[in-house]
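A.B. asks: quick check, what structure comes out for this input:
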Amino acid sequence: MPACSASCPRKRFRRSIPRWPSTSWQPTSWKPRPISLYATAAILPEVLGKLDGLIGKWACASQDPVLAYVLRVSPEQARPRIERAMAARGEGFTACNRYLLGAISEIHYDPVLEDIGLQSLDDPDPQVAANAATMLGRFGSAAAERALWERYASWSATWKGREAELAVLFAEGVDDRIHQLGLGESLMQALATGKSWLSDETKLQRLSRMTSVPRLREGLERHLKAWEQRPLGIVVSDTGPPLGFRAQVAQYELHDMGSLEEKLSQFPSGTEFVLRIPPPESRASDEAGTRVRESLGAHGMVVAAESASP
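C.D. replies: You can find the predicted model right below:
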């Protein structure tokens, strides 16, 4: 569906912005998601007039897409409002800040979120910090990698010698240890699978050496197994709905060709791969294979062999 142009009926969006008599009022006609995706800047003043009194108190399902809309049409006006929402916590607030960065980035990503995410890595609430780490891994630039390493190092140092305290299960009840474990795992996964940098075998081994927490070590062992067989494998499949495009290279799972090409470009020139296109056969899969070959060739990499096995 194309983005809404300036000719879209402004009244239609205005009708979606009701008069809010209280922070708990949720009209059935309010549809924040379409506004986040399609509304133009024409309604921004009206949206801000309604939003500003509700930041941190509004239901997450409404606040998150409205903030994403503001971010899309006016990043400079979105920043202080997202920062307010991140700071809103305690009695009378909805705790949306714990998942806010991830929720907004799924709708619309902007470098403003990276700046806020980097600051949030040191948030005293481990759920906020974990969500920031996950967002930075999925959407952040290469510059975010250093900050993630530093935060992972400090987290690992905090729990050195206390790893047994993190051997907890959700069945035992949710407490701060669960959230601290989640923070460590989110930092590790962001570094190991981040989109804007390559975590090769050497980096994965370094991550593993820095922690003795079993959950993290097990995850890193799975990632390292992908590097044991050389040449490395690239699995590509595009069979249409419902599965669509799928690809895997080393520990990375990619869901569109652009992301796969970006990841392949991060491998060193001269790297050899085995290209696998599993059944069922499809024209889209064949075209995807052709693009992979072309992308590898353009970056000085080699398809050493091909196979139909996954």
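A.B. asks: now Pro268: how far from Gln248?
C.D. replies: For Pro268, the distance to Gln248 (Cβ to Cβ, to the nearest Å) stands at 19 Å. Quick note: C-beta positions are derived from backbone N, CA and C, even for glycine.
A.B. asks: which of those two has more neighbours?
C.D. replies: Taking neighbours as other Cβ atoms under 10 Å, Pro268 and Gln248 compare with Gln248 leading, 17 against 10.
A.B. asks: so the closest residue to that one other than its chain neighbours, which of the three states?
C.D. replies: Using Cβ to Cβ, 6 or more residues apart in numbering and skipping the chain neighbours, the partner closest in space to Gln248 is Val235 (4.7 Å). Secondary structure state of Val235, per DSSP: H, G, I helix; E, B strand; the rest coil, is strand.
A.B. asks: what's across from Val235 in the sheet?
C.D. replies: On the basis of DSSP bridges, Val235 is bridged to Gln248, Arg276.
A.B. asks: what's around it, how many residues?
C.D. replies: Neighbours of Val235 using other Cβ under 10 Å come to 17.
A.B. asks: I'd say it and Ala247 touch.
C.D. replies: Yes - contact criterion Cβ atoms under 8 Å: Val235 and Ala247 qualify, at 6.4 Å.
A.B. asks: ok now do Glu306, which residues does it touch?
C.D. replies: Val274, Leu275, Arg276, Ile277, Gly289 (Cβ atoms under 8 Å, 6 or more residues apart in numbering).
A.B. asks: now name the helix or strand holding Val168.
C.D. replies: Using DSSP states H and E, Val168 maps to neither a helix nor a strand.
A.B. asks: wait, it touches Gln180, no?
C.D. replies: No - under the criterion of Cβ under 8 Å, Val168 makes no contact with Gln180, lying 9.3 Å away.
A.B. asks: looking at these two, which is more packed in?
C.D. replies: It is Gln180, of Val168 and Gln180, that has more neighbours when counted by other Cβ under 10 Å, with 22 against 16.
A.B. asks: from the contact counts, what lies against the helix or strand hosting that one?
C.D. replies: Per DSSP H and E: Gln180 is located in helix 176-193. Packing partners of helix 176-193 (3 or more Cβ pairs under 8 Å, 6 or more residues apart in numbering; DSSP states H and E): helix 126-139, helix 144-159, helix 201-209, helix 214-225.
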